[in-house]
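Asks: One predicted model, sequence on top.
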Amino acid sequence: MIRRSIMVLAAGAALLAAATGAAQAQTPRNQCFLVSQFENWRGGGDRTMYIRVSGNQFYRLEMANNCSELVAPGAMLVNRFRGSSICSPLDWDIRVKEFPGSTAVPCVVKTMTRLSPAEVAALPKKQKP
């Protein structure tokens, strides 16, 4: 009985360690930035947005829903941040307008990925913020 309890506890500890490692892998330490460092953005399609932070950092935001307003000519970002720093998709509350006076449409961020210099260089010019 005691041996079985120890095995169950060991299995539970292993699962907890794996879950903690996965959560840490989803938000690398160098992925966070201050809201005040956000500079510019460009739509990369109905579900993709590229942002520039502090001049030389670029991120790709993948949306959970279609957000065709991202690529509309004259699209305007109406963002309400949920704090002073951005570290994960949960920190975004993105809304996009097609033109002044139109209704802002929510775009739910599914993933946030910091781009490598090679990935930034490979971006088409019209998608680079």
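Replies: Good, I have the coordinates.
Asks: Leaving out sequence neighbours, find the closest residue to the most centrally placed residue in the chain.
Replies: Nearest to the geometric centre of the chain sits residue 112, at 2.3 Å (CA atoms, centre = their mean). Spatially, and ignoring its direct neighbours in sequence, residue 112 is nearest to residue 89 (5.1 Å; CB to CB, 6 or more residues apart in numbering). Glycine gets a C-beta too; all of them are placed from N, C-alpha and C.
Asks: which residues sit in contact with that neighbour?
Replies: Shown in contact with residue 89 (CB atoms under 8 Å, 6 or more residues apart in numbering): 61, 109-112.
Asks: Quick check: bridge partners of the residue nearest to the centre of the chain?
Replies: When bridges are called by DSSP bridges, residue 112 pairs up with residue 61.
Asks: Distance check, it against residue 91.
Replies: Separation of residue 112 from residue 91 (CB to CB, to the nearest Å) stands at 8 Å.
Asks: element containing the closest residue to residue 70 other than its chain neighbours, please.
Replies: Closest residue to residue 70 apart from its sequence neighbours, by CB to CB, 6+ apart: residue 43 at 3.2 Å. Residue 43 belongs to strand 38-45 when assigned by DSSP states H and E.
Asks: That strand pairs with which strands, and in what direction?
Replies: Here strand 38-45 has these sheet partners by DSSP bridges: strand 48-53 (antiparallel).
Asks: Can I get the strand it pairs with in PDB, CA atoms only?
Replies: The C-alpha coordinates for strand 48-53 follow below in PDB (Å, rounded to 0.1, in the frame of the first residue of the first chain):
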ATOM      1  CA  THR A  48      -1.900  37.400 -38.700                       C
ATOM      2  CA  MET A  49      -0.500  40.700 -37.400                       C
ATOM      3  CA  TYR A  50       3.100  41.800 -37.200                       C
ATOM      4  CA  ILE A  51       4.200  44.300 -34.600                       C
ATOM      5  CA  ARG A  52       7.400  46.300 -33.900                       C
ATOM      6  CA  VAL A  53       8.600  46.900 -30.400                       C
END
